[in-house]
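>>> Here you go, sequence then predicted model.
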Amino acid sequence: MRVKMLKNSTRRNTLNNRRRSCLGDDFLGAKLVSKRFKPRKCKHRKPVLATDCILSLIGEDNASRFCVATQDKELQRALRKVPAVPIIIVNHGALALDKHSFASQKAAT
């Protein structure tokens, strides 16, 4: 049983690596960052936009303390409305932590 689970896990990782490699050079930074973190599973049964899925995982108060790495300006704008959500961006090939949002500053006081 344990060997079978390992095979499925290895196959799944291979598929994820293939998906990442199809993104091309424009997403090389995001590809490298994504390899460092464990993906989270959502509870959506039907396909939804990635932005909506991420926002549903974060919720109203980020109770799970997620940190989000994104280059999507719309998602960054939406995440800044939720307190205590660190946003990581790739800036000239380097990871950068975005400044605290107004919502985070307001929640801290």
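Thanks, I have the structure now.
>>> strand partners of whatever helix or strand residue 95 lives in, parallel vs antiparallel please.
Take DSSP states H and E as the rule and residue 95 turns out to sit in strand 94-97. Using DSSP bridges, the strands paired with strand 94-97 are strand 87-91 (antiparallel).
>>> if we can go back for a sec, and the contacts of the strand holding residue 95?
29, 33, 69, 86-90 (C-beta atoms under 8 Å, 6 or more residues apart in numbering). Any C-beta I mention is one placed from the backbone N, CA and C, and that applies to glycine too.
>>> Report all helices and strands that the helix or strand harbouring residue 77 contacts.
For residue 77, the host element (DSSP H and E) is helix 73-79. Packing partners of helix 73-79 (3 or more C-beta pairs under 8 Å, 6 or more residues apart in numbering; DSSP states H and E): helix 50-58, strand 87-91.
>>> among these, which is nearest residue 74?
helix 50-58 (6.5 Å; C-beta to C-beta).
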